[in-house]
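Undergrad: A structural model of the following input is requested.
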Amino acid sequence: MPIVTVKMIEGRTDEQKRALCERVTEAVVETTGAPAEAVSIIIEEMSKNHYSIAGKRKSDE
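TA: Residues are numbered from 1 along each chain as shown. Sure thing, here's the model as predicted:
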């Protein structure tokens, strides 16, 4: 049972998240041979002030 976790900054629409789940599932099925029913995807969203690159928070940009 493949489990995929996607971490991203909040702000995507439900439509975008739905499409992401569909395409990630397709990729997992294609590459592992697992049935789609066995693929779980977890989306973890975070605010821009909880994410930084090179010591600078995304919320400070």
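Undergrad: Run a quick check on residue 40 versus residue 1, I expect a contact.
TA: Yes. With contacts counted by Cβ atoms under 8 Å, residue 40 reaches residue 1, the gap being 6.8 Å. C-beta: built from backbone N, CA, C; applies to glycine.
Undergrad: Looking at the two, which one has more neighbours?
TA: residue 40 (13 against 8; other Cβ atoms under 10 Å).
Undergrad: Now do the same contact list for that one.
TA: For residue 40, the contact set (Cβ atoms under 8 Å, 6 or more residues apart in numbering) comprises 1, 2, 3, 4.
Undergrad: Show me which of the residues you listed are buried.
TA: Among those, none counts as buried by neighbour count (16 or more other Cβ atoms under 10 Å).
Undergrad: In helices, which of those residues fall?
TA: Per DSSP state H, helices hold no members of the contacts of residue 40.
Undergrad: can I assume residue 43 sits in a strand?
TA: Yes. Assessed with DSSP: H, G, I helix; E, B strand; the rest coil, residue 43 lies in a strand.
Undergrad: hang on, isn't it packed against residue 17?
TA: Yes. Residue 43 lies in contact with residue 17 (Cβ under 8 Å); the separation is 5.9 Å.
Undergrad: Helices along this structure, start to end?
TA: Assigned by DSSP H, the chain shows helices spanning 14-32.
Undergrad: could you check the distance from the spatially closest residue to residue 29 that is not a sequence neighbour over to residue 56?
TA: Excluding the flanking residues, the one nearest residue 29 by Cβ to Cβ, 6 or more residues apart in numbering is residue 36, at 5.3 Å. The gap separating residue 36 from residue 56 is 39 Å, by Cβ to Cβ, to the nearest Å.
Undergrad: Can you pull out the low-pLDDT segments for this protein?
TA: Across the chain, nothing is flagged by pLDDT under 70.
Undergrad: Tell me who's in contact with the residue most central in space within it.
TA: The chain has residue 6 as the residue nearest its centroid, 2.6 Å off, counting by Cα atoms, centre = their mean. When contacts are counted by Cβ under 8 Å, 6+ apart, residue 6 touches 20, 24, 41, 42, 43, 44.
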